[in-house]
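1. just a sequence and a predicted model for now, questions to come.
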2 protein chains.
Amino acid sequence: MNDSVKLSLAEAEDLARAALEASGAVNGAARATARALVAAEADGQAGHGLSRVASYALHARTGKVDGRASPRVARTGLASLRVDACHGFAYPAIDVAFAGLVPLAREAGIAIAVLHRSHHFGQAGAHAERLADHGLIGIVLGNSPKAMAFWGGRKPMLGTNPLAFAAPLPGTQPPLVIDLALSVAARGKIVAAQKAGKSIPANWAVDADGNPTTDPTAALAGTLSPIGGAKGGALALMIEILAAGLSGSSFGWEASSFFDDRGGPPDMGQVFIALEPDKLSGGAFLPRMQVLLDAIAAEPGVRLPGMRRLAARELAAREGLSVPRALHQEILALLPKA
Amino acid sequence: MNDSVKLSLAEAEDLARAALEASGAVNGAARATARALVAAEADGQAGHGLSRVASYALHARTGKVDGRASPRVARTGLASLRVDACHGFAYPAIDVAFAGLVPLAREAGIAIAVLHRSHHFGQAGAHAERLADHGLIGIVLGNSPKAMAFWGGRKPMLGTNPLAFAAPLPGTQPPLVIDLALSVAARGKIVAAQKAGKSIPANWAVDADGNPTTDPTAALAGTLSPIGGAKGGALALMIEILAAGLSGSSFGWEASSFFDDRGGPPDMGQVFIALEPDKLSGGAFLPRMQVLLDAIAAEPGVRLPGMRRLAARELAAREGLSVPRALHQEILALLPKA
C-alpha cells in the first residue's frame, strides 16, 4: 500500500480550506490560510504546511484562534500601519496589511505594518517574497513561543524568531529570498531524532542545566541554542523586541503553544517593513543586483539562497504534492461527515 | 617608563581633531569624526577608536577621503532620505542625515536614511544609540571591504557587515544597544594572534582552500567564517544588498581597504532606519520593555547586551583614557610642526 497520496495544489487547497471551514473559520480566512499552508508545502516547508491544518482547526474549534475575526487596520503615521489581527488567523490579517503597505511604501520610500494579536504566520520568507513580487524589498520578523534562553540563561524564554528578507532581481527572475530562524536547528528536527532513537549534534541544544547535549530528550527538556552564541542570542532578543515589544504582543515566554489547545490565543506580534528600492537608490538598485548575481554566478559552489525552495515549488506545480497518507487521513477526519 | 598616556576625553578629542585638520579635513568634519573616534575609544571599542586617526589622516592627505566634502541630502519619499556623503568622512554625513531622519520618523512612524559614497562609520551601535536617545528605535547596517566568502565560496567577497539595533528603555535608563558583525571573530583578533605567535579557534576562519584552520597566517590568506554557517552567510549577504545595493555603493569585493592609501575612495553604503515606538505600538512599547527588563533581571547569569560598553564609558568619563604611548606618538606626529 502506497504511504502517500498525490494531490494537485488546487485539491490540497480545497481540502485544507474545507477542514478549516468545518472548524468554524469563515470562508475568507479559511481560503487565505489554506493557500499559505499549501504554498509552504509546495516549497518543501512541511513544518509550515499541511501538518498545521489539524492544530489550526483545533485552535479554531476551541477559540484559541478566532476563525471569524475581521482584522482592523489603523494608520498611525505617514508611513506606518497598525494591524489588529483580533486573535484571528495571521494570513488574512497579512492580506489586509499588505493592501495598505504596498502603496504606502511606494509613496513613502519605506513603510511598516505592525501586527498584534496575531497567530502563527508560517513561512516568513513567503511574506517577504510577496512584497518583492511588488518590486519592493521586504523585511519580515515575527516572534514565536518560548524555545531559547536569554543568552547566559537556562530557561526557555525567547522564540526561535524568524527573520526573512526578499529583494526583487532584474528581468523576470524570481526574487532573492532569505528565510531563517535564529536557532541552529528547528525543534521539529530534535523531536524527529527522539522518535528515531538518534543522537543530535552537540551544537543544537543545551540541557536544563545549560550544558551541550547530544541526547534529544535532554535537549527537549532544555533550550535550543542560537546560531553564533551570544551574537545569535542578541539577534533573537532584537526580534523579540521588534515583533512583541513594538507590537505590544506577548513575548515568547508569555505566549501559548501553537501545537495544543491550552492557554488563550498566542497573541503573537509580526512586523513587515517594505522598501522601495528604485526610489531609495536613485535607480541604482537593479543594476547593482545584476553585478551581485554575476559575482555569485562566477564562483563555483555558490548559489543564491532559496534555490532549493524554488525547485520544490516548480516540481509541486508540475506534479502535485505527495501528502503522507496519515496526514491526509488526519485532515479528512476534520471534514463534516457526509 | 609608563607605556600609556592618560588623556581626558576633551584632550583626546582635541588631539584627534587637530591631527585630522592638519591632514586637510575642515573643522566641522574633523570635529564630528574626532568625537566619534573618542566615543568609541571610551566605549572600549579600540578598533573603531584612536587607532583609526592615522589611517583617516592618510586617507584625507591622499584623497581617499575628501576632508572638505559637504554631504548632500535629498528627500526621495514621504519617509526617505538619500544622503550623498560625497566621499567625505561618514560621521559628518550621519550628523546631516540624522537632522532630517529624526523628525521624519516621528511624523511617519518609520523613516530611512540611505548613505552612499561613504567611508568607515565605526561603531554601528553608537549611531543606533543616538536614535534611541531621541526616543526612537534605531536599526543600522553598513557594508565593509571584503573579508568573508559567499556561503559555499572561497574568495573574500562580503564584508563582516555590522548590524546594530538600539531601543529606548523606560525611565532614565540608557538605551539597550546590540552591535555585532557577522563574522565569528574580527580580523584584528586574528592579526593579534599572528603577532603573538598563537593559534586561533578553528571556527574563526577558513584557509584559501576553504578548510577550517587554527593557523592565523593561513586564516588571513583565506576568509573569515560567518556566525552560524549558512545562516550567518545569508545575513551578511542581506546586509550587503541593503547597504551597498540599496544605496548604489560598492560591494565588499569592489571596495578599497580602510587601512591603506591604495585604490580610490571605498564608496561604502550605510542604512539607518528609525522607528517611533509609541506611535507604532499604540503606547504599549515602554511598558512591554519593562516586562522584558524584569524577566531578564529575574534570571541569574543574564545581562542586557551592551553593559560592558556602558561600564567602560563611565570609567572613561571619570578617569579619562589610557592611550598606548606608541599610539599617542603616532597621532602627535600628524600635528603641524611648531
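-> Yep, it's here. Numbers count the residues shown, from 1 in each chain, chains lettered A, B, ... in the order given.
2. mind showing which ranges of the stretch 1-150 of chain A have poor pLDDT?
-> Along the stretch 1-150 of chain A, the parts satisfying pLDDT under 70 run over A:1.
3. helices along chain A, start to end?
-> With DSSP state H, the ranges of helices along chain A come out as A:9-22, A:27-42, A:53-62, A:90-108, A:124-133, A:187-196, A:216-220, A:230-240, A:277-281, A:285-297, A:307-319, A:325-332.
4. packing partners for the fifth one?
-> Meaning helix A:124-133. Here helix A:124-133 touches helix A:27-42, helix A:90-108, strand A:137-142, strand A:163-167, strand A:176-180, strand A:268-275, going by 3 or more CB pairs under 8 Å, 6 or more residues apart in numbering or on different chains; DSSP states H and E. For every residue, glycine as well, the C-beta is placed using N, CA and C.
5. now for the ones you listed, which one comes closest to residue A:235?
-> Among the helices and strands packed on helix A:124-133, strand A:163-167 comes nearest to residue A:235, with 7.5 Å by CB to CB.
6. TSV please, covering the helices and strands packed on helix A:124-133 and showing mean neighbour count and distance to residue B:203.
-> Shown next, in TSV, are the helices and strands packed on helix A:124-133 (neighbours: other CB atoms under 10 Å in any protein chain shown; distance: least, CB to CB, whole Å):
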stretch	mean neighbour count	distance to residue B:203
helix A:27-42	23	32
helix A:90-108	22	36
strand A:137-142	27	27
strand A:163-167	28	22
strand A:176-180	24	19
strand A:268-275	28	31
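7. next, format the helices of chain A as JSON lines and append distance to residue A:3.
-> Converted to JSON lines, those look like this (distance: least, CB to CB, whole Å):
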{"stretch": "helix A:9-22", "distance to residue A:3": "17"}
{"stretch": "helix A:27-42", "distance to residue A:3": "17"}
{"stretch": "helix A:53-62", "distance to residue A:3": "18"}
{"stretch": "helix A:90-108", "distance to residue A:3": "29"}
{"stretch": "helix A:124-133", "distance to residue A:3": "28"}
{"stretch": "helix A:187-196", "distance to residue A:3": "16"}
{"stretch": "helix A:216-220", "distance to residue A:3": "24"}
{"stretch": "helix A:230-240", "distance to residue A:3": "37"}
{"stretch": "helix A:277-281", "distance to residue A:3": "46"}
{"stretch": "helix A:285-297", "distance to residue A:3": "39"}
{"stretch": "helix A:307-319", "distance to residue A:3": "17"}
{"stretch": "helix A:325-332", "distance to residue A:3": "5"}
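8. quick one: closest of those to residue A:171.
-> Of these, nearest to residue A:171 by CB to CB is helix A:285-297, at 8.6 Å.
9. close to chain B, is the closest one?
-> Yes: Helix A:285-297 lies within reach of chain B by CB under 8 Å from any CB of the partner chain, at A:285, A:288, A:289, A:291, A:292, A:295, A:296.
10. make JSON lines from the helices and strands packed on helix A:124-133 and add distance to chain B to it.
-> Shown next, in JSON lines, are those (distance: least, CB to the nearest CB, whole Å):
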{"stretch": "helix A:27-42", "distance to chain B": "19"}
{"stretch": "helix A:90-108", "distance to chain B": "4"}
{"stretch": "strand A:137-142", "distance to chain B": "7"}
{"stretch": "strand A:163-167", "distance to chain B": "5"}
{"stretch": "strand A:176-180", "distance to chain B": "5"}
{"stretch": "strand A:268-275", "distance to chain B": "7"}
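11. and those as JSON lines, adding distance to residue B:24?
-> Output for those, formatted as JSON lines (distance: least, CB to CB, whole Å):
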{"stretch": "helix A:27-42", "distance to residue B:24": "57"}
{"stretch": "helix A:90-108", "distance to residue B:24": "39"}
{"stretch": "strand A:137-142", "distance to residue B:24": "38"}
{"stretch": "strand A:163-167", "distance to residue B:24": "38"}
{"stretch": "strand A:176-180", "distance to residue B:24": "41"}
{"stretch": "strand A:268-275", "distance to residue B:24": "36"}
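12. so which of these comes closest to residue B:301?
-> strand A:163-167 (25.5 Å).
13. partner strands of the closest one and their direction?
-> strand A:137-142 (antiparallel), strand A:176-180 (antiparallel) (DSSP bridges).
14. that strand - what's its average pLDDT?
-> Strand A:163-167 shows an average pLDDT of 98 in the prediction.
15. restricting to C-alpha, output it in CSV.
-> What follows is strand A:163-167, C-alpha atoms only, in CSV (Å, rounded to 0.1, in the frame of the first residue of the first chain):
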residue,chain,number,x,y,z
LEU,A,163,13.7,36.7,10.1
ALA,A,164,13.1,36.9,6.4
PHE,A,165,14.3,39.2,3.6
ALA,A,166,13.4,39.3,-0.1
ALA,A,167,14.6,41.6,-2.9
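16. quick one: it to strand A:268-275, angle?
-> 20 degrees (axes from the mean of the first three to the mean of the last three CA atoms, to 10 degrees).
17. what's strand A:163-167 in contact with?
-> The contact list for strand A:163-167, computed with CB atoms under 8 Å, 6 or more residues apart in numbering or on different chains, reads A:123-125, A:127-129, A:131-132, A:137-141, A:175-182, A:235, A:239, A:277, A:289, B:235, B:238, B:241, B:245.
18. domain parsing for chain A?
-> A:1-62+A:307-338, A:69-181+A:231-305, A:184-225 (automatic domain parsing).
19. most tightly surrounded among those?
-> For these, the largest average neighbour count (mean count of other CB atoms under 10 Å in any protein chain shown) is found in domain A:69-181+A:231-305, namely a mean of 22.
20. isn't residue A:82 up against residue A:112?
-> No: between residue A:82 and residue A:112 there is no contact under CB atoms under 8 Å: 9.3 Å.
21. which residues are common contacts for those two?
-> Taking CB under 8 Å, 6+ apart as the criterion, residue A:82 and residue A:112 both touch residue B:280.
22. what pLDDT does residue A:338 get?
-> 67.
23. distance of residue A:103 from residue A:165?
-> Separation of residue A:103 from residue A:165 (CB to CB, to the nearest Å): 21 Å.
24. oh, that last question was meant for residue A:187, not what I typed.
-> Distance, residue A:187 to residue A:165, by CB to CB: 23 Å.
25. now residue A:176
-> From residue A:176 to residue A:165 the distance is 8 Å (CB to CB).
26. need the overlap of contacts for these two.
-> Common neighbours of residue A:176 and residue A:165 (CB under 8 Å, 6+ apart) are residue B:241.
27. the stretch 51-200 of chain A against chain B: which residues are in contact?
-> A:76-80, A:82, A:107-112, A:114, A:137, A:149-155, A:157, A:163, A:165, A:167, A:176, A:178, A:180, A:182, A:184.
28. repeat the analysis, applying 7 Å as the threshold.
-> Contacts of the stretch 51-200 of chain A with chain B, taken as CB under 7 Å from any CB of the partner chain, map to A:76-80, A:82, A:107-112, A:114, A:137, A:150, A:152-153, A:155, A:157, A:165, A:167, A:178, A:180, A:184.
29. could you list the low-confidence segments of the stretch 201-338 of chain A?
-> For the stretch 201-338 of chain A (pLDDT under 70), the answer is A:338.
30. try it again with 90
-> Scanning the stretch 201-338 of chain A for pLDDT under 90 picks out A:259, A:337-338.
31. what residues does it put near chain B?
-> So far as CB under 7 Å from any CB goes, the stretch 201-338 of chain A lies against chain B at A:227-228, A:231-232, A:234, A:238, A:241, A:244-248, A:251, A:253, A:275-277, A:279-282, A:284-285, A:288-289, A:291-292, A:295-296, A:299, A:301-303, A:305.
32. at 6 Å what do you get?
-> Contacts of the stretch 201-338 of chain A with chain B, taken as CB under 6 Å from any CB of the partner chain, map to A:227-228, A:231-232, A:234, A:238, A:241, A:245-246, A:248, A:277, A:279-281, A:284-285, A:288-289, A:296, A:299, A:301-302, A:305.
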